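A.B. asks: Quick one: sequence plus predicted model below, questions after.
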Amino acid sequence: MTRERIFDRHRHPAKTFSLGLQHVLAMYAGAVIVPLIVGSALELSSSELTYLIAIDLLACGLATLLQVWGGKYFGIGLPVMLGCAFQAVAPMILIGKNFGMSYIYGAIIASGIFVMIFGGFFSKLIRFFPPVVTGSVVTIIGLTLIPTALNDLGGGQNEADFGSILNLCIGFGVLIFIILMNRFTKGFLQSISILLGLVVGTIVAGFFGKVDLTPMLEASWFRAPEPFHFGTPKFNISAVLTMILVAIVSIAESTGVFMALGKILDKDLNSKDLARGYRAEGLAIVVGGIFNSFPYTTYSQNVGLLQMSRVKTRDVIAVAGGLLIIIGFVPKIAATAQMIPHSVLGGATVALFGMVVSSGIRMLAEQVDFNRYENLLIIACSVGMGLGVTVVPDLFAQLPEEAGILLNNGIVVGSFTAIFMNLIFNGLGPAKEVPGTKSTGDEAA
């Protein structure tokens, strides 16, 4: 694959900076929402949450530069941005509540090492994750996150004013604002509608006394990252297997983004290119674990921004990664995210997590043959099990605790169901048609 130089000498530095800032803004909401949700669920203190947000932004920047620069063994060398993997949110919360935060980061580090070691073989493993599996998994991820969004929209679970008229008006107001932004704006404004919804919603909530400035005022202007800030990593086999599964799903999603970018840039990607991309993503996951942050994956929203700006070189993304690193060293900036009230966050995440569901449905609609009865059954059972375990979390309460960390997680149960059923139906025996339909002749899922 032919690679252009990182920096375009013919583009004015100010323009490169502004384009890079656009990419930061486009992914910023998704980057800060993940630590806000995980940190709140694990009841972190204000200072700990500030650190989590700051180190997350810094690690996003490092992970992005790993992919952008590229090399002999690491980095695909495409203009891609990495951010928190949304599919890791629910598993991290579950592991943290059952075992503690040290086990979260032990599992993250182990999963990253797994990806780095087996990066060269993932092109073969990906065949176990055809669109019928990945589409179902992405749909399940979105569905299992919706309850978290609605709890926030009501003002925060177990809060005294949960479901109050004020909270509901603010939350639904933010959601309506985001919808209107997507209806009446285009291009960059549309791409940052979630971020604008958070900003406008927080300002409005401030007039009603719902915004606490204390975390931002108390935060320092500079803080260096601290490896193992939340403690020495510990390892549990169930937690490790859970995060490995999350990493594999992330790799499957990233593969789609890599291939899409390859088409946009008229570059043919081979297995070696993909292997370098996978290893870089694995290294980014390890970095996230060491600095007590998150697993990272390729963000597809920035691909749309690349197409919109028509600037498809790596220098812009390199600048964006550098900006994220700089922001990560300034806790006061990170602490501003804590000013966002629960109801505002909930209104935005209803749209954000709903879009995850939509992405999964689109993958299924565009790439899966619905004339095949087996595909319909795979989707039905995997989504049913994933959503069912989320709604009825005590289903496997009588089983040993070691098994609970896997089986009490709707994403994991739904994913395993999709993988297992796909192996049975699409790996063994002839295909059957849905009664009353005619086969298209395309037997691939």
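C.D. replies: Thanks, I have it.

A.B. asks: all strands of the stretch 51-200 of the chain, in order?
C.D. replies: Secondary structure of the stretch 51-200 of the chain, counting by DSSP state E, counting those that start in this stretch: strands at 82-84.

A.B. asks: wait, I meant the stretch 201-350 of the chain
C.D. replies: Taking DSSP E, counting those that start in this stretch as the criterion, the stretch 201-350 of the chain carries its strands at 296-298.

A.B. asks: which regions of it sit below the pLDDT cut-off?
C.D. replies: 256, 260, 264, 300-312 (pLDDT under 70).

A.B. asks: let's see 80
C.D. replies: Judged by pLDDT under 80, the stretch 201-350 of the chain has its weakly predicted residues at 212-220, 223-226, 249-271, 299-314, 334-338.

A.B. asks: all helices of it, in order?
C.D. replies: 214-218, 237-264, 271-290, 301-309, 314-328, 331-335, 342-367 (DSSP state H, counting those that start in this stretch).

A.B. asks: From residue 410, how far out is the closest residue to residue 370 other than its chain neighbours?
C.D. replies: Residue nearest to residue 370 in three dimensions, not counting chain neighbours: residue 376, with 6.4 Å by C-beta to C-beta, 6 or more residues apart in numbering. No exception for glycine: its C-beta is placed from N, CA and C like everyone else's. Counting by C-beta to C-beta, to the nearest Å, the gap from residue 376 to residue 410 is 20 Å.

A.B. asks: follow-up on the earlier one: tell me which of the helices of the stretch 201-350 of the chain approaches residue 383 most closely.
C.D. replies: helix 342-367 (8.9 Å; C-beta to C-beta).

A.B. asks: hmm, back to that, from what I can see the residue nearest to residue 370 touches residue 369, true?
C.D. replies: No - shown here, residue 376 and residue 369 do not form a contact pair, counting by C-beta atoms under 8 Å, at 9.7 Å.

A.B. asks: Of those two, which one has the most company?
C.D. replies: Set residue 376 next to residue 369 and count neighbours by other C-beta atoms under 10 Å: residue 369 wins out with 20 against 16.

A.B. asks: pLDDT score for that one?
C.D. replies: pLDDT for residue 369: 86.

A.B. asks: any chance you could read off phi and psi for it?
C.D. replies: phi -80, psi 100 (degrees, to the nearest 10).

A.B. asks: ok, it to residue 237 distance?
C.D. replies: According to C-beta to C-beta, residue 369 stands 37 Å off from residue 237.

A.B. asks: same deal with residue 87?
C.D. replies: Taking C-beta to C-beta as the measure, residue 87 falls 20 Å from residue 237.

A.B. asks: Name the residue in the two with the higher neighbour count.
C.D. replies: Remark: of residue 87 and residue 237, residue 87 carries more neighbours, 25 against 12, as counted by other C-beta under 10 Å.

A.B. asks: which ones are touching that one?
C.D. replies: Listed by C-beta atoms under 8 Å, 6 or more residues apart in numbering, the contact set of residue 87 reads 137-138, 141, 246, 249-250, 297, 411.

A.B. asks: and it, what pLDDT?
C.D. replies: Residue 87 carries a pLDDT value of 76.

A.B. asks: same thing with residue 432?
C.D. replies: 46.

A.B. asks: before we move on, back to that, quick check, the residue nearest to residue 370 in a strand?
C.D. replies: No - going by DSSP: H, G, I helix; E, B strand; the rest coil, the assignment for residue 376 is helix, not a strand.

A.B. asks: Tell me how far residue 132 lies from residue 361.
C.D. replies: Residue 132 sits 12 Å away from residue 361, going by C-beta to C-beta.

A.B. asks: isn't residue 28 right up against residue 195?
C.D. replies: Yes - between residue 28 and residue 195 a contact is recorded at 5.7 Å, counting by C-beta under 8 Å.

A.B. asks: The two: which is more packed in?
C.D. replies: Comparing residue 28 with residue 195 by neighbour count (other C-beta under 10 Å), the higher total belongs to residue 28, at 22 against 19.

A.B. asks: Can you list the buried residues in the helix or strand containing the more buried one?
C.D. replies: Assigned by DSSP states H and E, residue 28 belongs to helix 13-41. Within helix 13-41, the residues that qualify as buried are 16, 19-20, 22-41, counting by 16 or more other C-beta atoms under 10 Å.

A.B. asks: what separates residue 48 from residue 333, distance-wise?
C.D. replies: 17 Å.

A.B. asks: again, but for residue 234
C.D. replies: For residue 234 relative to residue 333 (C-beta to C-beta), the value is 31 Å.

A.B. asks: which of those two has more neighbours?
C.D. replies: Ranked by neighbour count (other C-beta under 10 Å), residue 234 and residue 333 place residue 333 first, with 18 against 15.

A.B. asks: and the closest residue to that one other than its chain neighbours, what is it in contact with?
C.D. replies: Spatial nearest neighbour of residue 333, chain neighbours left out: residue 327 (5.3 Å); criterion: C-beta to C-beta, 6+ apart. Going by C-beta under 8 Å, 6+ apart, residue 327 touches 24, 54, 57-58, 61, 333-334.

A.B. asks: one more time with 10 Å, if that's ok
C.D. replies: The neighbours of residue 327, taking C-beta atoms under 10 Å, 6 or more residues apart in numbering as the test, are 24, 28, 31, 53-54, 57-58, 60-61, 333-334.

A.B. asks: What of residue 423?
C.D. replies: Residue 423 sits next to 128, 133 when contact means C-beta under 10 Å, 6+ apart.

A.B. asks: where does it land on pLDDT?
C.D. replies: pLDDT at residue 423 comes out at 88.

A.B. asks: Likewise for residue 40?
C.D. replies: At residue 40, the model reports a pLDDT of 82.

A.B. asks: Tell me which residues touch it, please.
C.D. replies: By C-beta under 10 Å, 6+ apart, the contact list for residue 40 reads 49, 93, 148, 151-152, 156-157, 338, 342, 345.

A.B. asks: before we move on, back to that, so which of the helices of the stretch 201-350 of the chain gets nearest residue 178?
C.D. replies: helix 342-367 (4.8 Å).

A.B. asks: And the closest one, what does it pack against?
C.D. replies: Counting contacts by 3 or more C-beta pairs under 10 Å, 6 or more residues apart in numbering; DSSP states H and E, helix 342-367 is packed against helix 13-41, helix 131-153, helix 165-184, helix 193-207, helix 237-264, helix 373-391.

A.B. asks: Apply 8 Å and report the result again.
C.D. replies: Helix 342-367 sits against helix 13-41, helix 131-153, helix 165-184, helix 193-207, with contacts defined as 3 or more C-beta pairs under 8 Å, 6 or more residues apart in numbering; DSSP states H and E.

A.B. asks: And those helices: which comes nearest residue 217?
C.D. replies: When the helices and strands packed on helix 342-367 are compared by C-beta to C-beta, helix 193-207 sits nearest residue 217, at 14.2 Å.

A.B. asks: Now tell me what touches the closest one from outside.
C.D. replies: For helix 193-207, the surrounding residues in contact (C-beta under 8 Å, 6+ apart) are 25-26, 28-30, 170, 173-175, 177-178, 181-182, 185, 189, 211, 339-341, 343-345, 347-348, 351-352.
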